[in-house]
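Chemist: Just a sequence and a predicted model for now, questions to come.
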Amino acid sequence: MGDARASLARTLIYAAAVLLAIAYLVPLAVVVLNSVRSAEEIAQTSMIGWPRAWAFGNYGTAWSEFCIAQTCTGIRPYMLNSALVTVPATVLSTLLGAVAGYAISLWRFRGHAWIFGLVTLGVFLPEQMRLIPWTIVLRDVGLTNTLTGLVMIHTVQGLSFTTLFCRNYYLSIPQDLMKAARIDGAGFFRIFARIVLPLSPPILIVTVIWQFTHIWNEFLYGVTFTTGTQQPITAALIALSASVADIPQHGVQSAAVTIAALPTLLVYLFGGRYFVRGLTAGAVK
Amino acid sequence: MLSLQRRAMLAGSAGLLAAPSIARAQPVKPRLTAISQWSAGSDGAAITALGKKFEERGGVWQHSPVPGFTTDMMNKLRAQIMSGDPPACSQLKGPEIAAWSKIAPTVDLDAIVAAAGYEKVVSPDLARLHKPGGKWAALPLQVYRTNALYLSKRALDRAKADKLPTTWAEFNALAEKMKSGGVAHPVANGGARPDDGQKFEAALAGISPTAYRAAIMQLDAKALNGPEVRAAFAQVRKIADWMDPNTAAQHYSTHLAPFIAGDMGMMIQGGWAQGVLLNAGFKLDDFIIAPGPTDNGKPVFLLNADAFIFWQRKEADLQAGQKLMAELVMDPAIQTMYSQITGSIPVRSDVDLSGPGWSDGQRETASTLKGAIAADQAVLSLAHNMAQENGMTAAMIDVITEFVKNRAITPEQGAKRLAEAVEGAR
Amino acid sequence: MTARSALAGSRRLAEYLVIWVPLLLSAGHVVLFTAWTTWMSFTPSTLLPVNGWVGWRNYTSVLGTRNWQIAFDNLLLFGAGFVILTALTGLLLAILLDQRMRGENLLRSIFLYPMAVSFVVTGTVWSWLLNPGMGIQKLVNDWGWTGFRFDWLIDRDMAIWTIVIAGIWQSSGFAMALFLAGLRSVDGDLIKAAQIDGAGPIRTYTRVILPTLWPIAVAVLVILLQFAIKTFDLVRALTGGGPGLATQLPALVVYDFMFQRGHIGRGSAAAVLMLLTLLFVLVPYGGWKIYQQRRAARG
């Protein structure tokens, strides 16, 4: 009797999980199916549908052939541009955020609460509002139309998130451990390197995932602060969208979107396990 | 600044005397930095072809497309201007040319335009937009009509229609016949803001171009509260009732298949839709392009024109590049090439469209434009940012798009809200 | 001796640099950009930022538009709907995954992957799925259930909920990850004790496990709230702000006035108003944190 009820509950749980998983996969399926349909077929039927003829060529076109005005290189060089911005900005903002979070949470210098409050406020500022100020900053530091400029922007803005994540995580490191280390004569860097950093991989993975995804998918700054062939992948994807005067290239665009999403998807797939583990360790106080 | 302008002009007039072959021998190689949103499809192809011509004439073509919405292109332009590094030339249109020319110095093109005799072949309303403060600062490149009427052959068959509608009354009658003949939605439509705006401007300009000019282009309070604007809203309500309510914000091309199949009847669209239909794999025999309905028997043309604005640069090679670009943009052969790629018509009224590279639709568009100019019924499009600056346009389209999407708003309320929105945005 | 103190001094300097440069850059840009935007909101700036003083004119102008009024109402509705429903969905998924199922890794990845997708793509795909003419409604109608309606996308009153749906799809995996982390760190002894007391699984959850999740729930709410406030691309791609103006949100209005309409002054005023609404949430949150700290300090 009890066994039957338990196994019924088990079945229901599995059924719910499978149904939800299917629901979550539908949007992905729509995009992947469109990526192997021709623009004509989509225009003549519907945005959602099973391919009549498999247009695998969309992937080749998306990767290395389609033109953005006079440049017919596909999305390949734009993927590289995005990587050149995303990787350094992710690494820098994560490292600096880790140190900042460590200083705020474990050293508690004067005014740490205030400065932490201000840094955290940064997560709420919409990027539309920051566009013109950043224009002025880039001009004044001479980084207009450079990838370095974008790296700088994403590092400074990213610090809001990385400091927030790391500070909350480091709060769970017992103060006694700190005291003991200080009695032993260890300084700021030594404690960071010997005690804090070895405990950090989980939260560093979380911030890396977070930063990587956000910077990779960013469009507004990418399109405004770069020029021509320096543009990030998001700009190349938008170039495939329909203007009023063109038939939308949904087939090639879906293929391009699929390729462009691979780096972030892979980061989530491989990092996902640590993501949960990292948060388990107390990222969220 | 004055000396800079003089130098630019001197450089310009010196270049005028030189034949292209000599220009190549000059010490500076013309170079052009340009930004536009034209990145893909026929727009991208056309500007790339223009770049090829620029290179053939010995120039260095540095075009940076800014993909996305027009606003993204403007953000880019603003960032460049704020950094003191404007492009030598950028895409800009309508009254925004005057607005932007106030924030950074533009090149005085009067001498080059005069030498090319361009002013004589451009319609006066259009010329005015490109001459802020009376001096040419920008050059129109191509013209589109935004009130073309596309009719589905199969829907016409279902309605057993024997003639094309020329007035709004005939349009309405045909739509009714289509409906009773089994056409699910007599009007095919897109769901974006310009789509809604286009229906309103086509209605008002067709009912009374005079009222359109006064209310929309001159923002005359009396005209805005006049009976024609109310009648236009009433017509838009009818159109909205014939549209597919399920469109939401989709691109109008979503409905091309049912349109061709005869499940949808008519589209009020720009000239670009012809190219879109052909690129989607449909045939010219499947549809008819006709002028938008007009109630006074004379042709009405809603003008939309793309243009380039030229920003002052000190570099000699950029100045030479600007001059070369200006000459190319005004060149009838270049305008022919450009329009044949995009499906627009040339700005120049003296280009012969009888050749094999032109479609019947383009020929009809050009002759309608001539007729409309003669009747003083060529007016500037609101939906495509030709009639007002963007702030005013957006405030007006807000009212129109809410009206289209909300049956509870009466034409009287629509007209009242439009007048209020104009006051609020002034 | 002197060499050693010099070394200590330079180490001290390095410490200061490493701590303060990033923090001051980050905090500084928040303060400066906010102050600058506030200043701009009182200037007559249009296409370019200029100095000048127009008093409250930009504010009265923005507050007088339907766009802002609708956007503000929507922010309350969407903010509450999105944050609460996403958190609940995330909690549900976390509890589901916590049942020691086979294929847990796969399921977790499936629920988490939408987070890796850009908002533009999410918005575009959901604009197809939720479109009654081509998406879910059409599919169900084609299956023969012709009376089925799911047309929130074209319904002015319901359209804002389509953005909630797409938002839940995108962000619930993140909430799930946080909650799952919380569930996994609940003390095993507590659960055993509850089971010995004869509590069933549901009772164990509601009485023992969920109450320990409060700190995590707050973190989830804060992260989701910043998504809600900044929602922009999702709406542009999904509804375009429509039908009509029905799905305007403050971030859209800020962008629209500042850039599309070429009025930096009014756009800045909208941005300041938006940040002020944020205070309604942040001030109580800050109060709660302080209360919590005081309580912790008292032990």
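Modeler: Yep, it's here. Since the model is a prediction, treat every value here as computed from it, not as a measurement.
Chemist: I'd like to know how far residue B:279 sits from chain A.
Modeler: Between residue B:279 and chain A the computed distance is 5 Å (CB to the nearest CB, to the nearest Å). Every residue, glycine included, has its C-beta placed from N, CA and C.
Chemist: who's in contact with that residue?
Modeler: Residues near residue B:279 by CB atoms under 8 Å, 6 or more residues apart in numbering or on different chains: A:39, A:246, A:247, B:41, B:42.
Chemist: and which of these is nearest to chain C?
Modeler: Of all the contacts of residue B:279, chain C sits closest to residue A:39, with 15.0 Å by CB to the nearest CB.
Chemist: what about the closest one, neighbour count?
Modeler: Residues lying near residue A:39 (other CB atoms under 10 Å in any protein chain shown) number 22.
Chemist: Closest to the centroid, which residue in the chain?
Modeler: Answering for chain A, as no chain was given. residue A:213 (0.9 Å; CA atoms, centre = their mean).
Chemist: Can you look at chain B instead?
Modeler: Note: chain B centre (CA atoms, centre = their mean) maps to residue B:304, 2.2 Å.
Chemist: who does that one bridge with?
Modeler: Beta-bridge partners of residue B:304, counted by DSSP bridges, are residue B:144.
Chemist: swap in the one 4 residues further on?
Modeler: Beta bridges link residue B:308 to residue B:91, residue B:139, judged by DSSP bridges.
Chemist: Give me the three-state assignment for the residue lying closest to residue C:121 once chain neighbours are set aside.
Modeler: Among residues not flanking residue C:121 along the chain, residue A:257 sits closest, at 5.5 Å (CB to CB, 6 or more residues apart in numbering or on different chains). At residue A:257 the chain is in helix, as set by DSSP: H, G, I helix; E, B strand; the rest coil.
Chemist: in chain A, which segments are predicted with low confidence?
Modeler: A:1-2, A:242-245, A:277-285 (pLDDT under 70).
Chemist: can you pull out the helices in it?
Modeler: Secondary structure of chain A (DSSP state H): helices at A:2-34, A:39-44, A:57-60, A:76-102, A:112-121, A:127-141, A:147-170, A:175-183, A:188-191, A:197-199, A:201-216, A:220-224, A:233-239, A:250-280.
Chemist: Can you redo the ones you listed as CSV, where the extra columns are distance to residue B:277?
Modeler: Converted to CSV, these look like this (distance: least, CB to CB, whole Å):
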stretch, distance to residue B:277
helix A:2-34, 21
helix A:39-44, 9
helix A:57-60, 22
helix A:76-102, 30
helix A:112-121, 51
helix A:127-141, 36
helix A:147-170, 40
helix A:175-183, 71
helix A:188-191, 67
helix A:197-199, 62
helix A:201-216, 36
helix A:220-224, 30
helix A:233-239, 22
helix A:250-280, 16
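Chemist: of all these, which lies closest to residue B:226?
Modeler: helix A:127-141 (38.2 Å; CB to CB).
Chemist: hmm, the closest one in reach of chain C?
Modeler: Yes - part of helix A:127-141 sits near chain C under the criterion CB under 8 Å from any CB of the partner chain, namely A:127, A:128, A:129, A:130, A:131, A:132, A:133, A:136.
Chemist: Of those residues, keep whichever come out buried.
Modeler: Listed as buried from those are A:127, A:128, A:129, A:130, A:131, A:132, A:133; burial here means 16 or more other CB atoms under 10 Å in any protein chain shown.
Chemist: Which ones, among those, also lie beside chain B?
Modeler: A:131, A:132.
Chemist: For residue B:28, which residues are in contact?
Modeler: Residues in contact with residue B:28 (CB under 8 Å, 6+ apart) are B:316, B:317, B:320.
Chemist: Now that the last one has come up, it's in contact with residue B:30, right?
Modeler: When you say that, I think you mean residue B:320. Yes - between residue B:320 and residue B:30 a contact is recorded at 3.9 Å, counting by CB atoms under 8 Å.
Chemist: And for the residue nearest to residue C:121, the neighbour number?
Modeler: Neighbourhood size, residue A:257 [other CB under 10 Å]: 25.
Chemist: Kindly report the same for residue B:295.
Modeler: Neighbour count for residue B:295, taken as other CB under 10 Å: 19.
Chemist: low-confidence ranges in the stretch 151-299 of chain C?
Modeler: In the stretch 151-299 of chain C, residues with pLDDT under 70: C:299.
Chemist: need the contact list for residue C:121.
Modeler: Taking CB under 8 Å, 6+ apart, one finds A:31, A:257, A:261, C:237 in contact with residue C:121.
Chemist: which of those residues lies closest to chain B?
Modeler: Among the contacts of residue C:121, residue C:237 lies closest to chain B (CB to the nearest CB), at 8.6 Å.
Chemist: Regarding the closest one, which helix or strand does it belong to?
Modeler: Element membership for residue C:237, per DSSP states H and E: helix C:233-238.
Chemist: Going by neighbour count, which residues in that helix are buried?
Modeler: C:233, C:234, C:235, C:236, C:237, C:238.
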